[in-house]
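Q: below are the sequence and a predicted model for it; my questions follow.
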Amino acid sequence: MKQVTSENVLEYLGRYMDGESTQEELRALKDYFANAEDLPAELAPYAQMFAVLEEKPETPSVEALNRFSEGQIPAARRRLRLWPVWAAACIAAFAVVFLTPPKHEENMAIAYVDGKMLNNETEAMQMGQEALQEIFSNGDEEEQLTDLFNAQ
């Protein structure tokens with residue numbers, strides 16, 4: 001296995017970042033950053049990254065695992081169980097408040113007459129009454145209504 005040096009470290013890092021490094025190369029990179037002295041500033045973040053990768057997570061004690069399995073979870077953790085509920089409630093409230101269409105009565109059409117939208121309910125009613133009066137004033141209402149609704 002080739003050893004990682006200050007001359008070839010960028011080559012090994014490139015292979016690691018591209019997902020092409022082997023396990024041996026990964027171990028060599030970890031060793032290099034764990035033991036390197038006087039790293040250039042541009043390599044310092046990589047040293048921190050490999051240090052974090054080397055950290056071992058704390059293993060819970062047998063007592064903690066038993067308490068967890070018996071449901072004796074501390075109050076702070078019980079409160080954490082409510083976060084999904086609160087999050088869902090907030091999302092639902094957001095959806096109701098911001099995603100429902102606004103009810104603007106001034107934009108709501110009451111009727112369309114000759115392709116023109118009427119927003120004023122009083123004006124629409126007046127025009128409808130005038131049209132009915134004209135129909136009923138001419139005599140044969142049934143024939144006029146039949147013609148009106150059967151017109152193509």
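A: Received it, and whenever you're ready, just let me know what you need. Numbers count the residues shown, from 1 in each chain.
Q: now do the helices in this protein.
A: Along the chain, the stretches classed as helices by DSSP state H are 9-17, 23-35, 44-54, 62-69, 75-80, 83-99, 121-137, 141-150.
Q: centroid residue for the chain?
A: Ile91 (9.6 Å; C-alpha atoms, centre = their mean).
Q: ok, that residue to Phe98 distance?
A: 11 Å (C-beta to C-beta, to the nearest Å). Every C-beta, even on glycine, is put in place using the N, C-alpha and C of the backbone.
Q: same deal with Glu7?
A: Glu7 is 57 Å from Phe98, where distance means C-beta to C-beta.
Q: output the below-cut-off pLDDT ranges for the chain.
A: 1, 71-83, 101-110, 148, 151-152 (pLDDT under 70).
Q: if we use 50, what do you get?
A: For the chain, not a single residue meets the criterion pLDDT under 50.
Q: break it into its domains for me.
A: 9-54, 64-99, 107-150 (automatic domain parsing).
Q: pick the most deeply packed of these.
A: By mean neighbour count, with neighbours taken as mean count of other C-beta atoms under 10 Å, domain 9-54 ranks first of the domains of the chain at a mean of 13.
Q: now the terminal residues of that domain, how far apart.
A: Terminal residues of domain 9-54 lie 18 Å apart, using C-alpha to C-alpha, to the nearest Å.
Q: any idea which of the helices of the chain gets closest to Val113?
A: Counting by C-beta to C-beta, Val113 lies closest to helix 121-137 out of those; the figure is 5.9 Å.
Q: the closest one to helix 141-150, inter-axis angle?
A: Inter-element angle recorded for helix 121-137 and helix 141-150: 130 degrees (by axes from the mean of the first three to the mean of the last three C-alpha atoms, to 10 degrees).
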